[in-house]
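Trainee: model the following, please.
(chains A and B)
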Protein chains: 2
Amino acid sequence: MANPTAAMLVIGDEILSGRTRDSNTNFLAGELTRHGIRLMEARVVSDEMEAIIAAVRALSTRFDHVFTSGGIGPTHDDITADAIAAAFETPITHRADAMALLQAHYDRSGMEFNAARQRMARIPDGAILIDNPISTAPGFCIGNVHVMAGVPRVFEAMVASVLPTLTGGDPLLSQSLRVDRGEGDVATPFAALAAEFPDLTMGSYPFNQNGAFGTNLVVRGTDPARIDAAMVRLAGLFA
Amino acid sequence: MANPTAAMLVIGDEILSGRTRDSNTNFLAGELTRHGIRLMEARVVSDEMEAIIAAVRALSTRFDHVFTSGGIGPTHDDITADAIAAAFETPITHRADAMALLQAHYDRSGMEFNAARQRMARIPDGAILIDNPISTAPGFCIGNVHVMAGVPRVFEAMVASVLPTLTGGDPLLSQSLRVDRGEGDVATPFAALAAEFPDLTMGSYPFNQNGAFGTNLVVRGTDPARIDAAMVRLAGLFA
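Mentor: The predicted structure follows:
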């Protein structure tokens, strides 16, 4: 069975300005790999309506799932929910169940449930809420798009809520061999081995440590026996 | 004068599998911001010809500059140069000046300049080489696309070579104010202030530290006097 595919869409000027380093893509990549969903593309776009709409449409058409992070808070630059509604041409309203969750949360904490915070209950029609055990304001799934918060702790909790509801595939496994030679020395035999195992993906990743070049050779696939067989051959070639 | 725009394209299965964390986007974002070039989008795609070609075409059409990282080494999974040539419908050959650079490098180091390493001299016709002071194998610029290595030290050195050759704009400046209140408490006055300064961009970034929520309010623009004026108003509202 082919593995389902996915894309990540990070929404946020703060990543593109260099002020903040995105960690959500790397977290999601690891979780999807374990769940047998193949992350095919990741994008970062700015907090602009047209940029978000275009990316959501392009990615949700091409891949089985799209995961977004960022832009669902209470401030004027949080426009993700409206952009998703526009991308799906669906109405968006302050939804009663989301309002009730947030009302209860702010009642408990003694903070005012003001108009800005009520914006976080704006959910496109037909969406399913994603639980937020950290700060209550929900994410949501609509079609094949899963809309989550940008704050890493909240994003990670939302991924943990969503992922078990998705059909995965065989876990995407990998093994690697580190060799103290440059890529140029291993390239030809490594390519020949890759051609012998067309069901596996083989990649080489050079590194430089204390002035010496080396290479990590990585073998990926879903069949552990095939990966083992390739690793035995790799060790024979380069160990 | 409007600032030039740019996109980053990271090529590499190792980022999408979660094995490696991309640091080149964050580095480039900071450098572009200082140089007055606005990073509008970043993408990560897999080591697949069609994915790279489609992304290069889409991004080079939409933005003034595209910077790529990864996939220019000697191994079979290094297909970036061929993909760029295909995207521009231009021939690609082992170019004499790149061959000479590499031949001299491997002669000095006593390593064999074998067929795999010669692949790194494959450069699309009409491209300009980018100097690689770390490991010699050059990057290249073709049209508005700047093709660079994935290894961070080499990527960073290549950015340092390329950036001074590009016309920048006024540096993109920012100042921020950290407030110990949740986003929901600052959202309404912050949005009103943003509306008063339409020439600036204002963003709010929530954080959670030791269980307490707070918000970083960031003001961005190119006119330092206007940013100062906005920061005085911000401090008056929230300090």
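Trainee: and A:Ala55, what is it in contact with?
Mentor: Applying CB atoms under 8 Å, 6 or more residues apart in numbering or on different chains, we find A:Ala55 in contact with A:9, A:43, A:45. Using the backbone N, CA and C atoms, a C-beta is placed for each residue, glycine as well.
Trainee: quickly list the domain ranges of chain A.
Mentor: Using automatic domain parsing, the domain ranges for chain A come out as A:5-165, A:173-238.
Trainee: tell me the most buried of those?
Mentor: domain A:5-165 (a mean of 20; mean count of other CB atoms under 10 Å in any protein chain shown).
Trainee: secondary structure, pLDDT and distance to chain B added to the contacts of A:Ala55, as JSON lines?
Mentor: JSON lines is the format used below for the contacts of A:Ala55 (DSSP: H, G, I helix; E, B strand; the rest coil; pLDDT from 0 to 100; distance: CB to the nearest CB, whole Å):
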{"residue": "A:Leu9", "secondary structure": "strand", "pLDDT": "98", "distance to chain B": "10"}
{"residue": "A:Arg43", "secondary structure": "strand", "pLDDT": "98", "distance to chain B": "5"}
{"residue": "A:Val45", "secondary structure": "strand", "pLDDT": "98", "distance to chain B": "5"}
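Trainee: just give me the closest of the residues you listed to B:His146.
Mentor: When the contacts of A:Ala55 are compared for distance to B:His146 (CB to CB), A:Arg43 wins out at 19.1 Å.
Trainee: not counting the helix or strand containing A:Phe213 itself, show me its contacts.
Mentor: Counting by DSSP states H and E, the element that carries A:Phe213 is strand A:212-221. Residues from elsewhere that reach strand A:212-221 (CB under 8 Å, 6+ apart): A:172-183, A:186, A:190, A:197, A:199-208, A:227, A:230-231, A:234, A:238, B:13-14, B:17, B:19, B:135.
Trainee: so what's the gap between stretch A:25-40 and the chain middle?
Mentor: Its chain's C-alpha centre and that of stretch A:25-40 lie 6 Å apart, by CA atoms, centre = their mean, to the nearest Å.
Trainee: gap between the residue of chain A positioned farthest from its centre and chain B?
Mentor: Computed with CA atoms, centre = their mean, the residue of chain A farthest from its C-alpha average is A:Gly236, at 36.0 Å. According to CB to the nearest CB, to the nearest Å, A:Gly236 stands 18 Å off from chain B.
Trainee: likewise A:Gln118?
Mentor: 9 Å.
Trainee: quickly find the element holding the closest residue to A:Ala29 other than its chain neighbours.
Mentor: Of all residues not flanking A:Ala29 in the chain, B:Gly18 sits nearest, at 3.2 Å (CB to CB, 6 or more residues apart in numbering or on different chains). In the assignment (DSSP H and E), B:Gly18 maps to no helix and no strand.
Trainee: the helices in chain A, which residues?
Mentor: Secondary structure of chain A (DSSP state H): helices at A:13-16, A:24-35, A:49-62, A:80-87, A:96-109, A:115-118, A:152-162, A:183-196, A:224-238.
Trainee: could I get these as CSV with mean pLDDT?
Mentor: Below are these laid out as CSV (pLDDT from 0 to 100):
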stretch, mean pLDDT
helix A:13-16, 94
helix A:24-35, 96
helix A:49-62, 98
helix A:80-87, 98
helix A:96-109, 96
helix A:115-118, 96
helix A:152-162, 96
helix A:183-196, 95
helix A:224-238, 96
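Trainee: of these, which is nearest B:Ile130?
Mentor: Closest among those, using CB to CB: helix A:183-196, at 18.8 Å.
Trainee: right, is the closest one up against chain B?
Mentor: Yes: using CB under 8 Å from any CB of the partner chain, helix A:183-196 reaches chain B at A:183-188, A:190-191, A:194.
Trainee: contacts for that helix, please.
Mentor: Contacts for helix A:183-196 (CB under 8 Å, 6+ apart): A:179, A:200, A:202, A:204, A:206, A:213, A:215, A:217, A:230, A:233-234, A:237-238, B:73-77, B:111-112, B:114-117, B:119-120.
Trainee: got a pLDDT number for the residue nearest to A:Val218 when sequence neighbours are not counted?
Mentor: Spatial nearest neighbour of A:Val218, excluding adjacent residues (CB to CB, 6+ apart): A:Ser176 at 4.4 Å. You'll see A:Ser176 listed with a pLDDT of 95.
Trainee: list the contacts of A:Ser176.
Mentor: A:Ser176 neighbours (CB under 8 Å, 6+ apart): A:216-219.
Trainee: how about A:Ala87?
Mentor: A:Ala87 neighbours (CB under 8 Å, 6+ apart): A:52-53, A:56-57, A:60, A:145.
Trainee: repeat for A:Thr93
Mentor: Applying CB under 8 Å, 6+ apart, the residues contacting A:Thr93 are A:122-123, A:125.
Trainee: distance to chain B and pLDDT for those - can I get that in JSON lines?
Mentor: Listed next are those as JSON lines, based on distance: CB to the nearest CB, whole Å; pLDDT from 0 to 100:
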{"residue": "A:Arg122", "distance to chain B": "13", "pLDDT": "97"}
{"residue": "A:Ile123", "distance to chain B": "17", "pLDDT": "98"}
{"residue": "A:Asp125", "distance to chain B": "24", "pLDDT": "97"}
